[in-house]
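1. structure for this input, please:
(chains A and B)
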Amino acid sequence: MHIPDGYLDIYLVLTMYLLSATVVALSIFRTKTLSQKFGIVAAAIFVAQMLNWPIPGGTSAHFVGGSLAAILLGPYAGCVAMSVVLIVQCLVFNDGGITALGANIWNMAVVNVFVGYFVYKSFEKYGKELAAFLAGWLGITLAAIFAGLEIGLSANFIYGVFITVPIMAVWHAALGVIEGIITAAVLRAVYPSISTEVSKISKKSLLAIILMILVSPIFAYSAELVGYTEPLEKAAENLGLEENPLYSGVLPDYVVPNLDPYLSVLISATLGTFIVFGLGYILNARTNRKNA
Amino acid sequence: MHELIERTLKEASKYFQNFFIHEYLKKSALHFVDPRVKFLMSMVFVLLVVSTFSISKTSVVVISIFAIAIASKLSLSQLIKRAWLFTVFSFVVVLPAVFYDAMYVATFTLRVFAAIISMQLFILTTPFSEICAVLRYFKIPQNLVNSVWLTYRYILLLFNDLLTILLARESRRVSKGSHMDVWRKGGEAVGNFFVRSFERAERVEMAMKSRGDLDWSRNWNFGSNELLSSLITLTVVLWWWIA
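-> Numbering: from 1, shown residues only, chains lettered A, B, ... in the order given. Here you go, the predicted structure:
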């Protein structure tokens, strides 16, 4: 499910990085007791991912562990632990591209973890093992659907969402059964002997993240649809209205003259970021001086 | 089939043991370049690749990386060895499109290959502790970087831990058992492994707290190697632009 470099276009890369960074930053903030030990738990998840489980018929599958991490550590710490696993996989083993890291974190450390946790908590009253199975199965299936959506929406990929999403969904819905069984089997062994470190969950935060997950395909779709131009501009273009600005700015429409459009946007964005950071830095320095 | 879990784990342990040893074995000129400069160089190459769908522009990046690898005595075979799997996978994924757009298939596959080898320039020539120091330099939160570092350091140890648990289970097994048995016992073994990992994590954390936090500060220097690398990157960007 790890998306390599070259699959996602630059708009999706930026959108997914932004979405993932928001949730991971919130998770780090919420997990105030986050400590080094998550590194070791993340290593344990990494190792458990390498196991191939036999399936009748002579084949095998491995598990991802997002839902298990959510159940054992809580959604925020689980999200951080899975992000750590994905960063190591990307930076050491090149499993998943650096440009696709945002999308991979979104699928496996956000969707898988938070949906897994939500499903587990919803069905816990019917039995922990059943809840763990459903969390494992649904978590991985939804993560795969999101991966399919991102790849399908990318302008770089020749197949559309109507091909990528069903393929990813059907395949992972079948493999997800194994993920569910492993999650339930491991949880049955772990639960009696371990005190799970579930951090206090703010319902508002959890709801906000679930909402972000639900609307993220719209973000990705819109990014592709409008090519990151203003929807209002698009509407004006459709209505045949012409732009007549009083001042066109230094870099109008984020375009550097005589430069590749992608590179132009990138340079404009970098420049803009530096300006905003610079202003923020000056403001911060002035405030600190006043307070001193 | 019943030994599949143990077998794959043994193979994985062997692979990772070799992988970690390999990291420090070969030295190229790139090993002596400031990791921050190498990281930025790789990122620039990746961005050049993903921001175009022109085969000539992508080829410019691939040729440049090969030239850099040859000039710095970085093993080309290692570079290709690390990239071929995902490249072939990507080729197979887009293969059906070859009947109506063969150029797309070629460009897409080359883009994936170019992006992977771009990152490998950095990964192959930088110890992981330096990679973490670079992440800290670029203001990635300390706790996250510490966790990434510990994950890396404990992977091999935990592989051996899990292998020991599975071998102990295997030595106590008297019958083959059904698939259900394999799954049930496997679940118990992995559960036991997680319990042990949690306990180890507590011990390590306490030990680390008593010794003080990890220090990622480095004496970075920008000398002639770094200047040359920056000039090469700039040249590739210009070549890519006019290609």
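2. strands along chain A, start to end?
-> Ranges of strands in chain A, per DSSP state E, are A:53-55, A:59-61.
3. worst mean pLDDT among those?
-> Among those, strand A:59-61 carries the lowest mean pLDDT, at a mean of 55.
4. do the longest helix anywhere in chain B and chain A meet at all?
-> Longest helix in chain B by number of residues (criterion: DSSP state H): helix B:179-211. Yes - using C-beta under 8 Å from any C-beta of the partner chain, we find that helix B:179-211 touches chain A at B:179, B:182-184, B:186-195, B:197-198, B:200-202, B:204-205, B:208. All C-beta atoms are positioned from the backbone trio N, CA, C, and that covers glycine.
5. quick one, helices of the chain?
-> This is for chain A. Secondary structure of chain A by DSSP H: the helices cover A:10-30, A:37-49, A:66-73, A:75-93, A:101-105, A:116-123, A:128-153, A:161-190, A:203-226, A:231-239, A:261-291.
6. should've been chain B
-> Using DSSP H, helices in chain B cover B:4-25, B:35-50, B:55-71, B:76-94, B:102-123, B:128-137, B:142-172, B:179-211, B:224-242.
7. just checking, what packs against the fifth one?
-> Spelled out, it's helix B:102-123. Packing partners of helix B:102-123 (3 or more C-beta pairs under 8 Å, 6 or more residues apart in numbering or on different chains; DSSP states H and E): helix B:35-50, helix B:55-71, helix B:76-94.
8. columns distance to residue A:151 and mean pLDDT on top of these, output as TSV?
-> Shown next, in TSV, are the helices and strands packed on helix B:102-123 (distance: least, C-beta to C-beta, whole Å; pLDDT from 0 to 100):
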stretch	distance to residue A:151	mean pLDDT
helix B:35-50	14	90
helix B:55-71	19	90
helix B:76-94	9	84
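9. looking at those helices, which is buried most?
-> helix B:35-50 (a mean of 22; mean count of other C-beta atoms under 10 Å in any protein chain shown).
10. where does the prediction get shaky in the stretch 1-150 of chain A?
-> Across the stretch 1-150 of chain A, the ranges flagged by pLDDT under 70 are A:32-37, A:51-62.
11. where does it get nearest to chain B, residue-wise?
-> residue A:39 (2.6 Å; C-beta to the nearest C-beta).
12. for that residue, give me its contacts.
-> Shown in contact with residue A:39 (C-beta atoms under 8 Å, 6 or more residues apart in numbering or on different chains): A:84, B:146-151, B:153-154, B:201.
13. distance-wise, check it relative to residue B:201.
-> Applying C-beta to C-beta, to the nearest Å, the value for residue A:39 to residue B:201 is 8 Å.
14. of all the helices of chain B, which one comes closest to residue A:90?
-> helix B:102-123 (8.2 Å; C-beta to C-beta).
15. now the angle between helix B:35-50 and that closest one, please.
-> Angle of helix B:102-123 versus helix B:35-50, following axes from the mean of the first three to the mean of the last three C-alpha atoms, to 10 degrees, is 180 degrees.
16. quick check: mean pLDDT of helix B:102-123?
-> Rounded mean pLDDT across helix B:102-123 is 89.
17. what are the buried residues along that helix?
-> B:104-105, B:107-123 (16 or more other C-beta atoms under 10 Å in any protein chain shown).
18. from the contacts of residue A:39, which two are the most distant?
-> Farthest pair in these, by C-beta to C-beta: B:148 and B:201, 14.7 Å.
19. give me the more crowded residue out of these two.
-> Per other C-beta atoms under 10 Å in any protein chain shown, whichever of residue B:148 and residue B:201 has more neighbours is residue B:148, with 26 against 22.
20. list buried residues within the residues of helix B:179-211 next to chain A.
-> For these, buried by 16+ other C-beta under 10 Å: B:182-184, B:186-195, B:197-198, B:200-201, B:204-205, B:208.
21. residues in contact with residue 97?
-> You didn't say which chain, so I picked chain A. A:3-7, A:90, B:46, B:115-116, B:119 are the contacts of residue A:97 under C-beta under 8 Å, 6+ apart.
22. the intended chain is chain B.
-> By C-beta under 8 Å, 6+ apart, the contact set of residue B:97 is A:158, B:104-105.
23. give me that answer again for 10 Å
-> Contacts for residue B:97 were tallied using C-beta atoms under 10 Å, 6 or more residues apart in numbering or on different chains; they are A:157-159, B:103-105, B:108.
24. residues near the closest residue to residue A:165 other than its chain neighbours, how many?
-> Nearest non-adjacent residue to residue A:165, counting by C-beta to C-beta, 6 or more residues apart in numbering or on different chains: residue A:148, 4.0 Å away. Burial of residue A:148 is recorded as 24 neighbouring residues (other C-beta under 10 Å).
25. confirm for me that residue A:148 is in contact with residue A:171.
-> Yes - using C-beta atoms under 10 Å, residue A:148 is in contact with residue A:171, at 9.5 Å.
26. shared neighbours, these two?
-> Counting by C-beta under 10 Å, 6+ apart, the residues touching both residue A:148 and residue A:171 are residue A:1.
27. report the central residue of chain B.
-> residue B:123 (6.4 Å; C-alpha atoms, centre = their mean).
28. residue B:242: which of the contacts of residue A:39 is nearest?
-> residue B:148 (38.6 Å).
29. that closest one and chain A, how far apart?
-> Counting by C-beta to the nearest C-beta, to the nearest Å, the gap from residue B:148 to chain A is 5 Å.
30. tell me the pLDDT of that residue.
-> pLDDT, read off for residue B:148, is 85.
31. what residues are up against it?
-> A:38-39, A:42, A:83-88, A:91-92, B:128, B:131-132, B:135, B:140.
32. most neighbours among those, which one?
-> Busiest of those [other C-beta under 10 Å] is residue A:42, holding 32 neighbours.
33. now do the same contact list for it.
-> By C-beta under 10 Å, 6+ apart, the contact list for residue A:42 reads A:65, A:69, A:73, A:78, A:80-88, B:147-148, B:150-152, B:154-155, B:197, B:201.
34. what is the burial count for residue B:243?
-> Residue B:243 has 15 nearby residues by other C-beta under 10 Å.
35. tabulate the contacts of residue A:97 (CSV), appending distance to residue A:163.
-> CSV is the format used below for the contacts of residue A:97 (distance: C-beta to C-beta, whole Å):
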residue, distance to residue A:163
A:3, 16
A:4, 18
A:5, 21
A:6, 18
A:7, 14
A:90, 26
B:46, 26
B:115, 23
B:116, 24
B:119, 28
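36. apart from its chain neighbours, what residue comes closest to residue A:3?
-> Nearest non-adjacent residue to residue A:3, counting by C-beta to C-beta, 6+ apart: residue A:100, 4.0 Å away.
37. so the one you found sits right up against residue A:89, yeah?
-> No - if you go by C-beta under 10 Å, residue A:100 and residue A:89 don't touch, sitting 11.5 Å apart.
38. overlap of the contact sets of those two?
-> residue A:2.
39. still on that earlier bit, now distance to residue A:23 too, for the helices of chain B, in JSON lines please.
-> Output for the helices of chain B, formatted as JSON lines (distance: least, C-beta to C-beta, whole Å):
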{"stretch": "helix B:4-25", "distance to residue A:23": "30"}
{"stretch": "helix B:35-50", "distance to residue A:23": "23"}
{"stretch": "helix B:55-71", "distance to residue A:23": "32"}
{"stretch": "helix B:76-94", "distance to residue A:23": "26"}
{"stretch": "helix B:102-123", "distance to residue A:23": "24"}
{"stretch": "helix B:128-137", "distance to residue A:23": "19"}
{"stretch": "helix B:142-172", "distance to residue A:23": "13"}
{"stretch": "helix B:179-211", "distance to residue A:23": "23"}
{"stretch": "helix B:224-242", "distance to residue A:23": "32"}
